[in-house]
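Undergrad: Let's see this in three dimensions:
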Amino acid sequence: MTIWNQALANDTWLIGVSGRLDQNQTPDLEAEFNTLLEAGHNRIIVDLSEVHYINSGGLRCLVTAWRKARKQGGNVLLTGLRARVQEVFSMVGFDKVFDVYPNRQVALEVWQAQEQ
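TA: Reported below is the predicted structural model:
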């Protein structure tokens, strides 16, 4: 799994993840979330378009970051879920918890529209 981040407009941060997202790989992603959240960056878009597998460890990592961001007045938006990952989200009901968008540009536009 590889992880990267990028600052976007309006203090929004993008985190990109590729590969498998399971309990073996989540410590690095948790560290990435914690670094941003501890610095006060609570508007995070997570691009999962390159994630081909997710299990309970990966789901836990995402929901933990979502809870922390919401507690700080922000949110974690997800983008680019592949069909299999989307199935997992639907099975566990996370499609009703997270705001999911087809790509990062749409997610960013939604946030910008909400500010106006």
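
Undergrad: mind showing which ranges of the chain have poor pLDDT?
TA: 115-116 (pLDDT under 70).

Undergrad: what ranges do the strands span in it?
TA: 2-7, 12-21, 43-54, 75-79, 99-101 (DSSP state E).

Undergrad: Can you get me a residue count around the residue nearest to residue 25 when sequence neighbours are not counted?
TA: Among residues not flanking residue 25 along the chain, residue 1 sits closest, at 4.0 Å (Cβ to Cβ, 6 or more residues apart in numbering). (C-beta placed from N, C-alpha, C; glycine too.) If you count neighbours by other Cβ atoms under 10 Å, residue 1 ends up with 17.

Undergrad: and residue 99, what does it touch?
TA: The contact partners of residue 99, by Cβ atoms under 8 Å, 6 or more residues apart in numbering, come to 75, 77, 78, 107, 110.

Undergrad: partner residues bridging it?
TA: On DSSP bridges, the residues paired with residue 99 through beta bridges are residue 77.

Undergrad: ok so, going back, only whichever of the contacts of residue 99 are buried, select them in PyMOL.
TA: This is the PyMOL syntax for the buried subset of the contacts of residue 99, where burial follows 16 or more other Cβ atoms under 10 Å:
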select buried, resi 75+77+78+107
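
Undergrad: Please determine how far the residue positioned nearest the centre of the chain is located from residue 35.
TA: Closest to where the C-alpha atoms of the chain average out (Cα atoms, centre = their mean) is residue 46, at 3.1 Å. Distance from residue 46 to residue 35, counting by Cβ to Cβ, to the nearest Å: 14 Å.

Undergrad: what about the residue nearest to residue 110 when sequence neighbours are not counted, how many residues close to it?
TA: Nearest residue to residue 110, sequence neighbours excluded (Cβ to Cβ, 6+ apart): residue 101, at 6.7 Å. Neighbour count for residue 101, taken as other Cβ under 10 Å: 20.

Undergrad: Residue 35 now?
TA: Here the number of neighbours of residue 35 (other Cβ under 10 Å) works out to 12.
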